[in-house]
Structure formats: structure tokens, C-alpha cells
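A structural model of the following input is requested.
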Amino acid sequence: MSNCVNCGIVNPVSLGKKPRRYCGKRCANQWLHATNATNPEYAKLPNICYACGSMTSRFSSGKPKKYCCSGCRVNHRDKQRKEKSRIRNQWIEKNCTAKEEVAKLLGCHPSTITNRMNVLGLKTHFKGGQVAAAPRRWAYVETVHIEHIRALYEDG
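This next block holds a predicted model:
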């Protein structure tokens, strides 16, 4: 038999194989509330909204909320998504060439470039937000891969 974690008295016999931690529900609640009071995640510190900086409330479990309202959550995530897209587009402008330009350079059709990239296992980069609705001029090839595509095109 084991002793209660909260009060230290001997626990009643458990019905299963796992030994009991508490003598009853009252001791379990007292111990959990005392533990949560010292846990910094559950401590009663002021919560500040990530987006606007205003004070936020807590969930019923006691965990702090990140945002004060759904509008702040949506706006903050949109800003993060746009910043990530801007960084990706800058990288594409610096390190990639449009698929049509590569096709003109190699003297073949853009679909041939796509097929050769698939054979080589190369990734097509898309500039902009929507991949499915993006026109072909938004498809880009990394400039370091053009020579590999050319060699495969000449060998084929």
C-alpha cells in the first residue's frame, strides 16, 4: 500500500493494479491546486495579447490566452504569413530564374523543363501565395540546377 501524496495517510486499496496516489478526491484537488499555484504557466501573472498588447483573460483551465480576441489572432497570423511569403519571394528573386526563361535559354518547351526537373527530382518554386491558381510565369527554377537540366536535355 502507498501513502497519500497530500496528507500522508495510508491509501485505501485500489481496485486495479496501479497504486493510488491520493486517499480521496479532496486531497487530490488540494494537492493539484497547490502545485498549480507554484507552476509559472498557471501562475496568476498578467497576460498580454501578442498582437495588440492589451490584457487578456485565461482559459477555464487556468492557462493564459495568447490573443485577446479572434480578430487579433487572425491579424497576427496573417502578418506572420505575409512576412514568411515576402522572405520566400526575396529568396526566389535572388536565386531562381523563371521556367519560361530557362526554356528559351535551352530552346525547348516549358513542359520539357518540368519533365526534366521531375526526372532529376528537383523542386519547382512558386512565387506568390497561391500555387494551384498561379500562372506558369510564377514557376521558378533554381539557377544552380539549369546546367543539370541542360546536360540531361542534351543527353536525352
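
and the strand or helix carrying residue 111, what does it pack onto?
Per DSSP states H and E: residue 111 is located in helix 110-120. For helix 110-120, the elements it packs on are helix 99-106, strand 139-142, helix 146-155, judged by 3 or more C-beta pairs under 8 Å, 6 or more residues apart in numbering; DSSP states H and E. From N, CA and C alone the C-beta is placed, and that goes for glycine too.

how does the chain divide into domains?
The chain breaks down by automatic domain parsing into domains covering 1-38, 95-155.

what's the closest of these to residue 53?
domain 1-38 (26.4 Å; C-beta to C-beta).

rewinding a little: mean neighbour count, mean pLDDT and distance to residue 24 added to the helices and strands packed on helix 110-120, as a markdown table?
Compiled in a markdown table, the helices and strands packed on helix 110-120 are given as follows (neighbours: other C-beta atoms under 10 Å; pLDDT from 0 to 100; distance: least, C-beta to C-beta, whole Å):
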| stretch | mean neighbour count | mean pLDDT | distance to residue 24 |
| --- | --- | --- | --- |
| helix 99-106 | 17 | 90 | 70 |
| strand 139-142 | 22 | 89 | 65 |
| helix 146-155 | 13 | 80 | 71 |
